[in-house]
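# got a sequence here, can you model it:
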Amino acid sequence: MSSASRPAARERQPFASSPTARRHGQRQARKDTAPELALRRALHAQGLRYLVHRRPLPALRRIADLIFASAKVAVFVDGCFWHGCPDHGIQPQTNSWYWAPKLERNRQRDADTTQKLEGVGWIVMRVWEHEDPVEAAKRIEQVVRARRSVRQRVQRSR
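Numbering: from 1, shown residues only. Sure, this is the predicted structure:
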């Protein structure tokens, strides 16, 4: 294979360090994870209704885990590994040439998503996977109910 047809380092895919690591990576859920489901159950128990796995903005190719469209609140349940949790995020030693830039791009995309949504009036809430879902649901409920009441008052005054 000539160097011209060989993929660049940033385009290469990492190799699995073992068959077990490969199986584990292939089984990683991308949506409906246990922390996400626990949060959804807690929010539903509080009487809140939401949309699941939707784009807050049609033109933005980012999907929120939950959205409260009428309140313009987007919720992202972030995994500690994938999104660089300051308490639990780790830097893998195997394939570090791939993972360090990959995880940094994830953090940059998260910041970009937050900036773009807030720029058009959305409130972005991020919940770490290790957070207590009931406590996180209480925080979200406060924001959603406050935002809905403000928006309702504005609409009535028109």
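
# Lys72 is in contact with Arg148, correct?
No. Contact criterion C-beta atoms under 8 Å: Arg148 and Lys72 do not qualify, at 9.6 Å. No exception for glycine: its C-beta is placed from N, CA and C like everyone else's.

# residue contacts, the residue most central in space within the chain?
Nearest residue to the geometric centre of the chain (C-alpha atoms, centre = their mean): Phe76, 3.7 Å. Phe76 sits next to Ala64, Asp65, Asp110, Thr113, Val124, Met125, Arg126, Val127 when contact means C-beta atoms under 8 Å, 6 or more residues apart in numbering.

# what about it, distance to Ser149?
Distance of Phe76 to Ser149, given as C-beta to C-beta, to the nearest Å: 24 Å.

# then Val52?
Distance from Val52 to Ser149, counting by C-beta to C-beta: 24 Å.

# repeat for Asp112
Counting by C-beta to C-beta, the gap from Asp112 to Ser149 is 30 Å.

# where does this structure have low pLDDT?
1-30, 151-158 (pLDDT under 70).

# quick one, helices of it?
For the chain, applying DSSP state H gives helices covering 19-27, 34-45, 80-83, 96-119, 133-156.

# what about the third one, distance to the chain center?
What that stands for is helix 80-83. Helix 80-83 has its C-alpha centroid displaced from the chain centroid by 9 Å (C-alpha atoms, centre = their mean, to the nearest Å).

# so what's the residue count around Asp132?
Applying other C-beta atoms under 10 Å, we find 12 residues neighbouring Asp132.

# just Val150 next, same as before
11.

# list the contacts of Leu117.
Neighbours of Leu117 in contact, by C-beta under 8 Å, 6+ apart: Pro56, Leu57, Leu60, Ala74, Val124.

# just to revisit the earlier point, what's the closest non-adjacent residue to the residue nearest to the centre of the chain?
Arg126 (5.0 Å; C-beta to C-beta, 6 or more residues apart in numbering).
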